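Enquirer: Sequence plus predicted model, see below.
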Amino acid sequence: MTKILKYFKKNSEYLVEYENGDQYHGEVNEDMEPHGRGVLKSKSEARSETTRGLFKNGVLNGEATISTIYNTKENKDKKPDERTGNFVNGLMQGTHAVSYTHLRAHETGRNLVCRRVL
């Protein structure tokens, strides 16, 4: 995480704003790191990302969903992507669900076949 710009407390949850523009809303530890259930929103010129899930000492640790929306002209027709899975120390573990709305998929007897829809 980057340096905290400001934070507000409401009941047992915090709204934390970081220098890079990221925002976190949820539970924190004594070091003001995301810790427990929360939502992290981050933006760049190319995309906006929302992460909803369980955090431990500033990293994903447990069930989480990451939604990505693309902001560039080159990607203006690209649909949002969504990944849901289990995380340990910030890394996705095992099998997980991925939703790419610009893909079509079907199963054959042996394979899962995906193709891009333009």
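Expert: Nice, thanks for sending it over.
Enquirer: So what are the sheet partners of the strand with the most length in the chain and their directions?
Expert: Assignment by DSSP state E gives strand 59-70 as the longest strand of the chain. Counting by DSSP bridges, the strands paired with strand 59-70 are strand 47-56 (antiparallel), strand 81-88 (antiparallel).
Enquirer: I'd like those written out as JSON lines, with distance to Lys6 and mean pLDDT added.
Expert: C-beta coordinates here come from the backbone N, C-alpha and C atoms, glycine included. Below are the strands paired with strand 59-70 laid out as JSON lines (distance: least, Cβ to Cβ, whole Å; pLDDT from 0 to 100):
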{"stretch": "strand 47-56", "distance to Lys6": "19", "mean pLDDT": "93"}
{"stretch": "strand 81-88", "distance to Lys6": "27", "mean pLDDT": "88"}
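Enquirer: With distance to Gly36 and mean neighbour count as added columns, please give those in CSV.
Expert: CSV is the format used below for the strands paired with strand 59-70 (distance: least, Cβ to Cβ, whole Å; neighbours: other Cβ atoms under 10 Å):
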stretch, distance to Gly36, mean neighbour count
strand 47-56, 7, 18
strand 81-88, 14, 17
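Enquirer: possible to save the ones you listed as a markdown table with distance to Leu15?
Expert: A markdown table is the format used below for the strands paired with strand 59-70 (distance: least, Cβ to Cβ, whole Å):
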| stretch | distance to Leu15 |
| --- | --- |
| strand 47-56 | 15 |
| strand 81-88 | 23 |
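Enquirer: Tell me which of the ones you listed lies nearest to Lys73.
Expert: Closest approach to Lys73 among these is made by strand 47-56 (12.8 Å; Cβ to Cβ).
Enquirer: Mind listing residues that contact that closest one?
Expert: Applying Cβ atoms under 8 Å, 6 or more residues apart in numbering, the contact partners of strand 47-56 are 26-27, 33-43, 60-72, 75, 87, 89.
Enquirer: Understood, closing this out.
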